[in-house]
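A.B. asks: Give me a 3D structure for the following:
(one chain, ligands or ions: 1)
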Amino acid sequence: MSSYHSTLLACAFLATTTLLPAQEEAGNPLDRYIVGVKRDVSKENPRLQWFNDARFGMFIHWGPYSLAAGEWNGKKNYGEWLQVEAKIPNAEYEKLSAAFNPVKFDAKAWARMAKDAGMRYLVFTTKHHDGFCMFDSKYTDYTITKFTPYKKDLTKALAEACQEEGIQFCTYYSTADWHHPEAPAEYMQRGFHGAPNPNADVKKYVKYMHDQVEELVTNYGRIGILWFDGGGAFRTGPKKLNNEERSEVLDAENLVKKIHARQPWCLINNRLGAGADYGTPEQKIPPNGFGPGISWESCMTMNRHWGYNKADKNWKSADTLIRNLVECASKGGNYLLNVGPTGEGEFPPESIQRLADIGKWMRVNSEAIYGTTASPLAFVPEWGRLTQKGSTLYMFVFKSPKDGKILLPLNNKLKSARVLGQDDVKVSGESSDAGITVALKDIKIDPAATVIALELDGKSVVK
Ligand code: GLC
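C.D. replies: Residues are numbered from 1 along each chain as shown. Prediction:
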């Protein structure tokens, strides 16, 4: 049986299992980020396998706003929300779009940088809230191919480069749209539209959206995720819709069906209001994950902006970014790390440096990230974090305790231990009634995290 058919079968199976709405599980302050995700209590969603194994992806926010580099009329704190925040009418914003000519864009270099950093998927803004299409579309002229001197379909170039590098290519698509003439301002956050049309017909806009999403899942090869955004930006306009009303207006169930008719494996995040495979905490890592059966991905920026802002120098260190990745993995989630390229089509040097540093760490330690599941412990240890895979337990040591000893309250016997990247170091570990004690003597602690792999006598059993 082909994997295509087994995926289809698996999806059919999923549809018949008992699903509980995630929001029924109380107690996690970030639960709003998993609204709509179904907790599958009987079986993991097979479509999610690659995603849960990947753990690390690249987000790219890129569009005409990148050309402004965060600056408009002397103010320097803008990003991809430039059009709304500076209240720019379409006629003026279109000048920016028409000047978008990223001659330095090199799809292969971008895909390679993602791969070298250890990222396994890439989510690209094919259309952000400004409505500008970074892909070729027959349903509008407001595209990279028809509205700019650049003319080439850079989404296609990026999709192909990712596919060549073995990275899952994924498309971000905004449901909110400040530019399309049929997108009513009353649905948009802050009631904004760049050229409000009192006769706008939301049904026509929704048809446009469905048609474009069909283009994305038809013309760009395999799509790993349809990453919808603007759930809030669409819902919280003067019209004030609740989640169900938004799904209805967007005809979300049918949109998901259309996507799966073309690409049954394609994941849908939870910002459309239907068919959600996983949750999307933003700029935050949930303190304890969301428990079994809920997949999630924290998307975060490297500085403070998603879209390129040249004045923003609030860069997180590479060590912080690595620890964020570890933090997500240790809680059973993914880390989607953003890059905001310049209007000319280059990654900022600070991002390039950080990606390279992360890659260096990943080349030594990635086995403790890929294909792992959350820490078996119910508490977050002071010395660092844990992940596991089969009978291997990975310790990410952030700082060594004073006596250099770490006690893991496990019932298992320790068979062997090794420090990743430090083959010459012998780690001593001892099993006792209290658990397994690992001695860190002679181990060099990496400022990001040093990883110790413990081979246990079976899957970890916590005391
Ligand atoms: C926020 C921003 C939006 C960005 C998204 C990424 O919702 O408003 O512009 O694309 O985060 O998750």
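
A.B. asks: Get me the contact residues on this structure for the ligand.
C.D. replies: Residues of the chain lying close to the ligand by C-beta under 6 Å from any ligand atom are 61, 80-81, 229, 282, 299, 306. (Glycine included, C-beta is placed from N, CA and C.)

A.B. asks: ok, now which ones touch Leu407?
C.D. replies: By C-beta atoms under 8 Å, 6 or more residues apart in numbering, the contact list for Leu407 reads 434-437.

A.B. asks: From these, keep the buried residues only.
C.D. replies: Buried residues within these, counting neighbours by 16 or more other C-beta atoms under 10 Å: 435-436.

A.B. asks: nearest to Asp211, of the contacts of Leu407?
C.D. replies: Proximity of the contacts of Leu407 to Asp211 (C-beta to C-beta) peaks at Ile436, which lies at 57.6 Å.

A.B. asks: Which of the three states applies to that closest one?
C.D. replies: Here Ile436 is strand, with the state taken from DSSP: H, G, I helix; E, B strand; the rest coil.

A.B. asks: Buried residues, stretch 44-53. List them.
C.D. replies: Buried, per 16+ other C-beta under 10 Å, within stretch 44-53: 45, 47, 51-52.

A.B. asks: Sort out for me which of these are in helices.
C.D. replies: The members of the buried residues of stretch 44-53 that map onto helices under DSSP state H are 51-52.

A.B. asks: tell me which of the buried residues of stretch 44-53 is nearest to Lys138?
C.D. replies: Using C-beta to C-beta, Arg47 comes nearest to Lys138 of these, at 28.9 Å.

A.B. asks: I'd say the closest one and Ile268 touch.
C.D. replies: No - Arg47 lies out of contact with Ile268 (C-beta atoms under 8 Å); the separation is 9.3 Å.

A.B. asks: any shared contact partners between these two?
C.D. replies: Residues touching both Arg47 and Ile268 (C-beta under 8 Å, 6+ apart): Asp277.

A.B. asks: Just the helices from the stretch 251-400 of the chain, written as ranges.
C.D. replies: For the stretch 251-400 of the chain, applying DSSP state H, counting those that start in this stretch gives helices covering 252-262, 318-330, 349-365.

A.B. asks: Kindly compare burial across those and name the winner.
C.D. replies: Highest mean neighbour count among these (mean count of other C-beta atoms under 10 Å): helix 318-330, with a mean of 22.

A.B. asks: residues near Ser375, how many?
C.D. replies: Look at Ser375: counted by other C-beta atoms under 10 Å, it has 26 neighbours.

A.B. asks: separation between it and Gln388?
C.D. replies: Between Ser375 and Gln388 the distance is 7 Å, computed by C-beta to C-beta, to the nearest Å.

A.B. asks: In this structure, which residue is most central in space?
C.D. replies: Among the residues of the chain, the one closest to the centroid is Leu336, at 3.5 Å (C-alpha atoms, centre = their mean).

A.B. asks: who's in contact with that residue?
C.D. replies: Leu336 neighbours (C-beta under 8 Å, 6+ apart): 57-59, 123, 297-300.

A.B. asks: what about the nearest residue to it once chain neighbours are set aside, distance to Lys203?
C.D. replies: Leaving aside its chain neighbours, Leu336 sits nearest to Cys299 (4.1 Å; criterion: C-beta to C-beta, 6 or more residues apart in numbering). Cys299 is 31 Å from Lys203, where distance means C-beta to C-beta.

A.B. asks: Compare these two (neighbour count), which wins?
C.D. replies: The neighbour count for Cys299 versus Lys203, taken as other C-beta under 10 Å, is higher for Cys299 (22 against 10).

A.B. asks: And the pLDDT at the more buried one?
C.D. replies: Each residue has a pLDDT score; the one for Cys299 is 98.

A.B. asks: hey, C-alpha coordinates of stretch 253-260 in CSV?
C.D. replies: Output of stretch 253-260 as CSV, limited to C-alpha atoms (Å, rounded to 0.1, in the frame of the first residue of the first chain):
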residue,chain,number,x,y,z
GLU,A,253,-15.1,23.1,7.2
ASN,A,254,-15.4,23.1,3.4
LEU,A,255,-12.0,24.8,3.0
VAL,A,256,-10.4,22.1,5.0
LYS,A,257,-12.2,19.5,2.9
LYS,A,258,-10.9,21.1,-0.3
ILE,A,259,-7.3,21.1,1.1
HIS,A,260,-7.5,17.5,2.1
